[in-house]
Each structure stands twice: as structure tokens, then as C-alpha cells.
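*Asks:* Sequence and computational prediction follow.
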Amino acid sequence: MPLIPLLAAMVKEGVGIDVEFFEKMSVEMVERISQLKREIFDIAGEPFNINSTQQLSEILFKKLDLPHEGLRKTKSGYFSTAADVLEGLREEDETGIIVAIVEYRELGKLKSTYVDALPKMVNPETGRIHTSYHQTGAITGRLASSKPNLQNIPIRTEVGQQIRKGFIARPGFYFLAADYSQVELRVLAHISQDKALKKAFLEDQDIHKTTAAAVYGIPVEEVSYNQRRFAKAVNFGLIYGMGAYRLARDSDLTLAEAEEYIQAYFEQFPGINDYLEQTKLQARQEGYVATLLGRRRYFPIFKASSRINRQFEMRAEREAVNHRIQGTAADILKIAMIQLHDRLMVKFQAKILLQVHDELVLEAPENELENVRALVVKTMSSAYPLDVPLKVDTSSGRNWLELKD
DNA sequence: AACTAGGCT
DNA sequence: GTATAAGCCTAGTTG
């Protein structure tokens, strides 16, 4: 079956949520939010609209006169109140308003976007939530999901996890989630043919630890938690074309140190550097780049370039580098979805409900669970064989949070 | 409709 | 000298 009918089947199947659970959560959140609101008004000395970034900026940087030298400004000229900016103010802020605002923002976001919105989206006919999937939603070939977007359900924070708990499988069924482990780095290993990166995946090493060991020139056993975390950020960042500037900003390194680190990185993984350069060159010369399966992305900017375009050309280079990786991963999961759906239809009740870029969520009757798990792993792992293995992790549970191996 | 912010991979 | 990490969707404010 082609992809579109499969997406239609997923949309039609929908996913179940516990409406009462969300309603209770909403009530609890209202209490905490009011409390935070009072605190914030107290410190500010007056009530104002905390949701207004303009008003908030005036309160923080004019009325309370928090240190704002060199802080980022928005297009409209106000000092930014984005989370990363506030984070930088937290230590110097003795009033406690920053901490309160950050919590207020988190709760407000989760409440308005998920806790209050999702129950309203339950279809009265089916009692379930039906997203829309868009095959051409993303320029790289990824799907997009909307109304509601089920590809950005929270997971990071404590409260976010509570929201996942509100997604529940039908009686007698289990959710089964299967995700590709580090699929984009594996795609990069394949496309770039970088020797060290391929070796790491072929030996099923902890890729971030291996990277850290290589770059710092130390044995794998001696890699510290922070060194691994840092290497992870770099591995991740380079898929998006991160530069030394951003690396320095996001770490404790100076610009020069960040440059040295990246240089050391490319010395250890020269194939990756070649991949980056070759892809940028191709975008410039051919005006497009393509994924492994041939999905093209065009870059008309390189046709008519002038000095003004330099900024945009740099961006286009990063987009080209990312397209081949993100797009190839997307192509592979789409192939897996089609194969899996066809195979499930033969002898299982289990159905694919959701796709979240490198992950599928299925709903399976309890008695099918282990057989379906094996089928999903096999199908996803072999959908489009690369020169490195595609590793698939699975988990299952009665709700979307309690997914365990 | 633009802007700002923030949720996810 | 200047900007500096990809791809989405949604909510609230502003004008």
C-alpha cells in the first residue's frame, strides 16, 4: 500500500485519551498558576499581563531594572524574555521573579496547548483524537502533524510527562513504541563513509562516549559525564551545521576553544568533514542536494547570488547538509511504515497509530504484543539496509508514559 | 498577519 | 564587518 492511504488509516484509527484525567489536571494547574501570578504581581508591585512579552520586558528590565547589558533584543526592540535569556538572569535575581515566571510559562504553555486543548479535540463519534498527517508537510520529507499536532506531545518535564500519561490504550490493548536509535548519525555514517563513525556503530558502541574519547584523546572508560554530554551536543549540532560560535555560546568554552574542539573532531572524523564540504559544494554547483532515496531539495539562492545573500547562502548550506540526513531518515521510516502496515494486515489486529519522525507508536492486543514487537523490530531494522545497523528500541505499556521494555 | 515564545524530533 | 543549528505546529499578544 502507498503511504497516503496508510496515513488515512492512522488518522481514522486515532488515539485514546483520558478526558477526566486532563480535566483534573487542568484544575490543579489553575491553582498553581494563580499562586504564581500573585507572587509575580507582588514582586512587580503591580498587576500586568504576564503573557505579554512587551509588558513583561518593561517590568523586568525597566521597573525592576534587572541587569540587561548586552542582552538579546527582539525585532520590535524590547529586551527578549525568552527562557534562555531568563536562565542567565536567575542567579543575579534576588527577588525570585525569574523562577516564578519560568514556572508560570511552563505551566501556561502545557495547560493551554495540551491539557485544555486535547479534550476538546475528542471526536464524539469515536471517542478518540484524530490528528492530521501531511505527507508534504516538511521540506525534507518528514511528515507533519496538526490539529492536534501529536508529534510534539510533552515528555521533557515532570508535568509534561503527566500529559503523556493521559494517552491510554484501549481496554485489552497496549501501546507499543519503536524508535530508531540515533538514526541520523547512522545515516551520516553511511553517507559519509567515515571510518571511525562506521566502526563505532558496527561495534554497537556508545556513540557519544566514543566521540568524547576520540576528541579528548582518552580511553573510553575515562570519559566523564560532562565530556559525554558535550560530545552528544556536538554530534547533534553538526547534523544541523553548528559552528564554533554556537558551540561556545552553549558551553563554557571560549570561541577559540570551541574552534579547537571542532578541529579535533574533524581530525578524528575526517569523513564527516568531507561530507559537509562535498554537500555544500553540490548545493552550490547543482542547485540541489538529494537524500539516499533521491528526494531532492532545491536551493535557488545559489543561482542569483550577490553579497547581500551571503547570510542566506550560509543558511542554505546548513539546510543542504541537514536535508540529506534528516530526509534520508524520513524516507527510511516511511518505507518501514508501508512494509509494516502490509505485514500487520496479514495476521494481526495491531495498528500503527502515530509517527514521530524516528518513532512509531502502535496499539496491539495483549496476546499479540510480543509477536508484533518482533515484527516491528525486524521491519524497521531492515527497511533500507545501510552500511551500519539500524538499531530499534521498543517499549510497551498501557499509557504513553509508562512505556517500558 | 506578524511577532514572540515554546512544545517535539 | 556580521551572523552564527535543521524541521515542524500552536498559543497569546499586538496593531
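*Replies:* Received, thanks.
*Asks:* what's in contact with stretch A:22-30?
*Replies:* A:107, A:110-111, A:115-116, A:118-119, A:159, A:162-163, A:166 (CB atoms under 8 Å, 6 or more residues apart in numbering). Just so you know, the C-beta spots here come from the backbone N, C-alpha and C atoms, and that holds for glycine as well.
*Asks:* and the stretch 151-300 of chain A, which residues reach DNA strand C?
*Replies:* A:151-152, A:233, A:236-237, A:240-243, A:245-246, A:250 (CB under 7 Å from any atom of the strand).
*Asks:* how about 6 Å then?
*Replies:* A:152, A:236-237, A:240-243, A:245-246, A:250 (CB under 6 Å from any atom of the strand).
*Asks:* What's the PyMOL line that selects buried ones from the residues you listed?
*Replies:* In PyMOL, a selection of the buried entries from these looks like this (16 or more other CB atoms under 10 Å):
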select buried, chain A and resi 241+242+243
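*Asks:* Looking at the residues of the stretch 151-300 of chain A next to DNA strand C, which are in helices?
*Replies:* In helices, defined here by DSSP state H, the members of these are A:236-237, A:245-246.
*Asks:* Which of the residues you listed sits closest to DNA strand B?
*Replies:* Nearest to DNA strand B among these: residue A:236, at 9.4 Å, using CB to the nearest atom of the strand.
*Asks:* So which bits of stretch A:212-227 are buried?
*Replies:* Residues A:212-216, A:223, A:227 are the ones in stretch A:212-227 that count as buried (16+ other CB under 10 Å).
*Asks:* What of stretch A:165-185?
*Replies:* A:165-169, A:173-180, A:182-185.
*Asks:* Take those residues and keep only those in helices.
*Replies:* Those of the buried residues of stretch A:165-185 lying in helices (DSSP H): A:165, A:183-185.
*Asks:* Helices along the stretch 51-200 of chain A, start to end?
*Replies:* Ranges of helices within the stretch 51-200 of chain A are A:53-58, A:83-89, A:97-110, A:117-120, A:158-165, A:183-192, A:195-202, based on DSSP state H, counting those that start in this stretch.
*Asks:* Mind putting those helices into TSV with distance to residue A:286 and mean pLDDT?
*Replies:* Output for the helices of the stretch 51-200 of chain A, formatted as TSV (distance: least, CB to CB, whole Å; pLDDT from 0 to 100):
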stretch	distance to residue A:286	mean pLDDT
helix A:53-58	42	97
helix A:83-89	37	94
helix A:97-110	42	98
helix A:117-120	43	98
helix A:158-165	42	97
helix A:183-192	16	98
helix A:195-202	25	98
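*Asks:* what's the most buried one of the ones you listed?
*Replies:* Most buried of those by mean neighbour count (mean count of other CB atoms under 10 Å) is helix A:183-192; its value is a mean of 24.
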